[in-house]
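A.B. asks: Mind looking at a prediction? Sequence and model below.
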Amino acid sequence: MPSVITNYSFSFNNQVFGGAGSPYQIQSVDGLESLPGIRNQDDNRGYNDGMFSGRDFFGGRSISIIFNTFASTGFSAQENYNTIQQTLLPQTSGTTPLYFSLSNNLVEQVVYARVRALRTSVDPNYTYGYITSQVEFFCPNPLYFASNTQTATLIYTPPTGRIYNRTYPVTYGGGSVTITTTINNAGWANTYPNIALSGPITNPTIGNSTQNASLTFVGTFSSADVLNIDLYNKLITLNGVAARNTLLSGTWFSASPGNNQYYLTGTGTLSGTTQAIVTWQSAYV
């Protein structure tokens, strides 16, 4: 969870900088409200003029923040700068949430970043307690998100009705059912939910009818199983173990801006534990 932040402030590694009363005052932020770099697949037309037009994709996002460090109650500017230095350290792998708030009209947002550089000038201003620094973050995923995570559950509800005594063998629950729910992405970029599927269910298919795309899995999964589908990284695990072999066919999907109709279908003897939990964050770029 982020530290408490106010408008026009940031939080990284639980250290808030910017905002009223902070010893870290932001001068400018570059690369956050801009489009990230574009990766393109254009290619030369050999001995002809022009290029073959390929597809364009977002690259990573670089964010540069220039800020000043001042003295605060009980701490000199140099002491406060030492504190921020300990916060803005590079990391070998992975990312850390960088939370920010830019307006009363926007929800608190987050981008997943790691520090790539920290530059500070030692000059006369530094010695008088006015320390100017520039930190650079790199975000492998260029999207930024609403900081709150949303959850929706596709859950099987067993039918109810009259009970009749039977004396001959009868088998129920062998048909196919379809369960649906709405996933709302309030941003303007595609977001990629995480899906946790539990049984009992056989050969389940989960998809987004709004995008006309789905994934079908092979096997019978019990109520104790958790099939986890990471739509962004295209990873599949079963009870924490890599299980790409369970994917039979299909097309990977996301959640487009606006409402998306997600569905789960499968066969077997379903019960009240048959469900798929979808978690996501609204996405922006």
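C.D. replies: Structure's in. What do you need?

A.B. asks: correct me, but Thr265 touches Ser209?
C.D. replies: No. With contact defined as C-beta atoms under 8 Å, Thr265 and Ser209 do not form a contacting pair (10.8 Å). (Each C-beta comes from the backbone N, C-alpha and C, glycine too.)

A.B. asks: The two: which has the busier surroundings?
C.D. replies: In this view Thr265 and Ser209 are compared by other C-beta atoms under 10 Å, and Thr265 has more residues nearby, 18 against 14.

A.B. asks: Which pLDDT value belongs to that one?
C.D. replies: pLDDT, Thr265: 95.

A.B. asks: how close does it sit to Leu238?
C.D. replies: Using C-beta to C-beta, to the nearest Å, we find Thr265 at a distance of 19 Å from Leu238.

A.B. asks: which residue ranges form the helices in the stretch 1-150 of the chain?
C.D. replies: Taking DSSP state H, counting those that start in this stretch as the criterion, the stretch 1-150 of the chain contains helices spanning 77-87, 124-127.

A.B. asks: Which stretch among those helices approaches Ser214 most closely?
C.D. replies: Distance to Ser214, taken as C-beta to C-beta, is lowest for helix 77-87 among the helices of the stretch 1-150 of the chain, at 43.3 Å.

A.B. asks: and the closest one, which residues are buried?
C.D. replies: In terms of neighbour count (16 or more other C-beta atoms under 10 Å), helix 77-87 has its buried residues at 77, 80-81, 84, 87.

A.B. asks: Show me what that helix is packed against.
C.D. replies: Contact analysis of helix 77-87 by 3 or more C-beta pairs under 8 Å, 6 or more residues apart in numbering; DSSP states H and E lists strand 15-18, strand 61-69, strand 131-139 as its packing neighbours.

A.B. asks: Is it possible to get CSV of these that adds mean pLDDT, distance to Pro193 and mean neighbour count?
C.D. replies: What follows is the helices and strands packed on helix 77-87, written out as CSV (pLDDT from 0 to 100; distance: least, C-beta to C-beta, whole Å; neighbours: other C-beta atoms under 10 Å):
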stretch, mean pLDDT, distance to Pro193, mean neighbour count
strand 15-18, 90, 29, 19
strand 61-69, 97, 21, 20
strand 131-139, 97, 19, 19
